[in-house]
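S.K.: Prediction below, plus the sequence it came from.
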Amino acid sequence: MALEWVVLGYAAGAEAIMLLLLTLPGLDGLRRGMITVVRNALKPMMSVVPFCMFLLMDIYWKYETRPTCSDEHACTPSEHLRHQKSIMKSQRNALLIAAALLLYWILFSVTRLVVKLDTLQQRVENMKKRDD
């Protein structure tokens, strides 16, 4: 199960790096190539969304099937500690899922805006050339 979280972490990291390269000022030459790379990568990266939903269902299933201690002294200290560690891992994984989904949405929106901005700049240049 740990491999799935590593893959999701790498996907979120790749999304963050692409987003950073698209939005940094002064990288116009690199941005044109990055737009092409990101636009081609967005559709395969869409698989992050169902993957995150699967992992959310896994967290929910683990939450629903966890052992509970009905009495105060029913659990040993080691069982209680293991339960607390499991809750912390689930919370960390939920944050990773939220970050991956949010970064994908922001990357999609920023890419769309950058493409629209480039087309508008080309229109302005064409209109300036036509007026001269």
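M.R.: Arrived safely. Numbering: from 1, shown residues only.

S.K.: most residues in a single helix of the protein, which one?
M.R.: Secondary structure of the chain per DSSP state H: the longest helix is helix 77-131.

S.K.: what's the model's confidence in that helix, averaged?
M.R.: Mean pLDDT, computed over helix 77-131, is 91.

S.K.: which helices and strands sit right next to that helix?
M.R.: Contact partners of helix 77-131 among helices and strands, from 3 or more Cβ pairs under 8 Å, 6 or more residues apart in numbering; DSSP states H and E: helix 2-23, helix 28-45, helix 48-64. All C-beta spots, glycine's among them, are computed from the backbone N, C-alpha and C.

S.K.: In JSON lines: the ones you listed, plus mean pLDDT.
M.R.: Listed next are those as JSON lines, based on pLDDT from 0 to 100:
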{"stretch": "helix 2-23", "mean pLDDT": "91"}
{"stretch": "helix 28-45", "mean pLDDT": "87"}
{"stretch": "helix 48-64", "mean pLDDT": "89"}
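
S.K.: Of all these, which one comes closest to Ser78?
M.R.: Minimum separation from Ser78 across those (Cβ to Cβ) falls at helix 48-64, 18.5 Å.

S.K.: list the buried ones in the closest one?
M.R.: 48, 51-52, 55 (16 or more other Cβ atoms under 10 Å).

S.K.: how much does that helix deviate in direction from helix 77-131?
M.R.: 160 degrees (axes from the mean of the first three to the mean of the last three Cα atoms, to 10 degrees).

S.K.: any idea which residue sits dead centre in the chain?
M.R.: By Cα atoms, centre = their mean, the mean C-alpha position of the chain lies nearest to Ala100, the distance being 1.7 Å.

S.K.: what about the closest residue to that one other than its chain neighbours, how many neighbours?
M.R.: Distances taken as Cβ to Cβ, 6 or more residues apart in numbering place Ala12 nearest to Ala100, at 4.1 Å, with adjacent residues excluded. The number of residues packed near Ala12 is 21, by other Cβ atoms under 10 Å.

S.K.: doesn't Leu24 make contact with Met34?
M.R.: No: the pair Met34 and Leu24 does not pass the contact test of Cβ atoms under 8 Å, sitting 9.9 Å apart.

S.K.: of those two, who's got more company?
M.R.: Set side by side, Met34 and Leu24 show more neighbours around Met34, with 19 against 11, by other Cβ under 10 Å.
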